[in-house]
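[1] what shape does this take:
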Amino acid sequence: MAKKSKTENPVYKIVEVVGSSPISWEDAARAAVESAAKSLRDLRVAEITKLDMKLENGKVAAYRARVSMSFKFES
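    A predicted model of the protein is given here:
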């Protein structure tokens, strides 16, 4: 029987980060991914799991996006 390579059955780790933007949810999600990419290698998939807004004095101060991202786990 042939030996399986390490890449044949990859394992992925999932992290969750929150990005914030005064402009839009799209910018908040982009900020989350770009920030995570600075310290995590080989990001694979990003999923927006929650959207909310920070309010100040009854007005929207910031859009926030909670983003789950997966990256390949290296053992």
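
[2] for Pro22, grab phi and psi.
    Per-residue torsions, Pro22: phi -80, psi -10 (degrees, to the nearest 10).

[3] mind checking pLDDT for it?
    With respect to pLDDT, Pro22 has a value of 97.

[4] so what sits opposite the spatially closest residue to it that is not a sequence neighbour in the bridge?
    Once its chain neighbours are removed from consideration, Pro22 has its nearest residue in Ala62; the separation is 5.4 Å (CB to CB, 6 or more residues apart in numbering). For every residue, glycine as well, the C-beta is placed using N, CA and C. Here Ala62 sits in beta bridges with Lys54, as judged by DSSP bridges.

[5] now Val18, what's its secondary structure?
    In terms of secondary structure, Val18 is strand; the call rests on DSSP: H, G, I helix; E, B strand; the rest coil.

[6] got a list of contacts for the helix or strand hosting Val45?
    With elements delineated by DSSP states H and E, Val45 resides in strand 43-56, which encompasses its position. For strand 43-56, the external contacting residues (CB atoms under 8 Å, 6 or more residues apart in numbering) are 12, 16, 20, 25, 29, 32-33, 36-37, 60-72.

[7] show me just the buried residues among those.
    Using 16 or more other CB atoms under 10 Å as the burial test, these include 25, 29, 32-33, 36, 62-67, 69-71 as buried.

[8] would JSON lines of those residues with distance to Ala46 be doable?
    As requested, those are arranged in JSON lines below (distance: CB to CB, whole Å):
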{"residue": "Trp25", "distance to Ala46": "13"}
{"residue": "Ala29", "distance to Ala46": "7"}
{"residue": "Ala32", "distance to Ala46": "8"}
{"residue": "Val33", "distance to Ala46": "5"}
{"residue": "Ala36", "distance to Ala46": "8"}
{"residue": "Ala62", "distance to Ala46": "20"}
{"residue": "Tyr63", "distance to Ala46": "16"}
{"residue": "Arg64", "distance to Ala46": "15"}
{"residue": "Ala65", "distance to Ala46": "10"}
{"residue": "Arg66", "distance to Ala46": "11"}
{"residue": "Val67", "distance to Ala46": "5"}
{"residue": "Met69", "distance to Ala46": "5"}
{"residue": "Ser70", "distance to Ala46": "8"}
{"residue": "Phe71", "distance to Ala46": "10"}
